[in-house]
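Novice: No sequence on hand, only this structure:
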């Protein structure tokens, strides 16, 4: 007789699953015999197989009903990334299994059955049988799954799969080679900014790539101590550099293809090398640069490397340098800025009432008396502010200078170079995202504004979250040009094709950028509102 509690709904099952896993996760495994540990490992692997089958069935149904569209996501994979908080690779794996519910039903059934077939074995079997013609696949799955459930090891399963594939090929010469569809190249960026390339090349592509790398990777004399793999890497870089320099690549978004790199001001300026203050500022910038580079490797970017030190200097030697000025807001000076503005409002022609002692305003006669009753020749207006006392010796010019200084401090932020040199201290962490300080307008989107938008946004700025990098995005006018919107940095934002053309221009969603740099979006009837993540809390 089973002692397991009765399950009458999906909610009951999820609660029981969560409770069971919570118990096992909190248990002290070191206090149980190895026999129990072995049972746990075996049962958890079986549970993982069933979990794969259950998730695949639910995700397949969710995809078929287009549930992701209700949250503005363009695919089930995108929805998983932004609502279940999984990585891009995990979401890709989950959606792959959901598609196998239709192409490999026998494999999914075996996983759900809880036998000896593990998730990793099942994935390998699907990879083998997925290469076969459609009319042979189900029978091949049946044979291989049956063999796996009987305990056949992976090498023997591979031999059996190879025999099945050989028998399933058409008896024609062209059928002896691998299919042309079996090709892929994947380039990812690591936490430190380096690239990792993996791929499956067709025979033709492999021959061309091999010939190019062999030609450009020859040793450069007796002093060349690079390994064969290092020389192949340098040969690949040299081939791509020559291709870009030759101007043979097609344009992207109407602009010639250029290799873009992010280089900080510290690597382009030669300040006082012996300055301890500069050294502190450089160290702080290096930490910020590393954080931005790591975020770009996971969250998407414009495809440009984040360089520093010798790499930055070498890259900039033969490059066109485009300065992009960023600023961060320092709300700590707002009170002083408002106080200066209020004082200035009461310190002008007809308003100036200095305290006894100081000289009168420099821009009006000493005998002038404030007149708050004279009509305005331009017509009715707001009442004039009442006279306000001024500190001794404070003139209109000094107030203006103070306001200008506070405005600069407000936008430069505590981490800016000018602010750092002025305050000579570190450690203030900002809460809001940086914003470029330059602005312009044009009938079209010129390269300068497009590059600045890409440098600022780095990826699709859809409020519900999107992983599409800047290289795959389009520039969208927050206020449409037909409604008077300018082609300016402030009015432009990066969106991928789906969120730009489908969600906004076809489905009628509205996207706005908030003052703090985050975004919000809502559908036509405002029944659903999406918001991007708020900036991190300000320290202190």
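Specialist: Okay, I see it. Because the structure is predicted, anything quoted here is derived from the model rather than measured.

Novice: CA only for contacts and neighbour counts going forward, please
Specialist: Fine.

Novice: correct me, but residue 492 touches residue 453?
Specialist: Yes - look at residue 492 against residue 453 with CA atoms under 8 Å: they come within range, at 6.9 Å.

Novice: And residue 476, how far from residue 468?
Specialist: 15 Å (CA to CA, to the nearest Å).

Novice: whoops, I mixed them up, residue 131
Specialist: In terms of CA to CA, residue 131 sits 29 Å off from residue 468.

Novice: Please identify which of the two sits among more neighbours.
Specialist: The neighbour count for residue 131 versus residue 468, taken as other CA atoms under 10 Å, is higher for residue 468 (22 against 15).

Novice: Would you list the phi and psi of that one?
Specialist: Main-chain torsions, residue 468, degrees, to the nearest 10: phi -70, psi 130.

Novice: Repeat that for the one 5 residues further on.
Specialist: Dihedral angles phi and psi of residue 473 (degrees, to the nearest 10) take the values phi -110, psi 160.

Novice: Tell me who's in contact with the closest residue to it other than its chain neighbours.
Specialist: Excluding the flanking residues, the one nearest residue 473 by CA to CA, 6 or more residues apart in numbering is residue 496, at 4.1 Å. By CA atoms under 8 Å, 6 or more residues apart in numbering, the contact set of residue 496 is 460, 468, 472, 473, 474.

Novice: go again using 6 Å as the cut-off
Specialist: Neighbouring residues of residue 496 by CA atoms under 6 Å, 6 or more residues apart in numbering: 460, 473, 474.

Novice: Just send those back as JSON lines, with neighbour count and distance to residue 148 too.
Specialist: Shown next, in JSON lines, are the contacts of residue 496 (neighbours: other CA atoms under 10 Å; distance: CA to CA, whole Å):
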{"residue": "460", "neighbour count": "28", "distance to residue 148": "44"}
{"residue": "473", "neighbour count": "23", "distance to residue 148": "45"}
{"residue": "474", "neighbour count": "22", "distance to residue 148": "49"}
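
Novice: now the stretch 401-540 of the chain, which segments are flagged as low pLDDT?
Specialist: Within the stretch 401-540 of the chain, the stretches with pLDDT under 70 are 401-444, 481-482, 533-540.

Novice: quick one, helices of it?
Specialist: Along the stretch 401-540 of the chain, counting by DSSP state H, counting those that start in this stretch, helices occupy 417-423, 447-457, 497.

Novice: Could you point out the longest helix of the protein?
Specialist: helix 34-64 (DSSP state H).

Novice: Now that one: average pLDDT?
Specialist: In this model, helix 34-64 has a mean pLDDT of 94.

Novice: Give me the helices and strands touching it, please.
Specialist: helix 88-103, helix 105-113 (3 or more CA pairs under 6 Å, 6 or more residues apart in numbering; DSSP states H and E).

Novice: can you tell which of the ones you listed is closest to residue 215?
Specialist: Proximity to residue 215 (CA to CA) singles out helix 88-103 among those, at 34.8 Å.

Novice: If you count contacts, what does the closest one end up packed against?
Specialist: helix 34-64.
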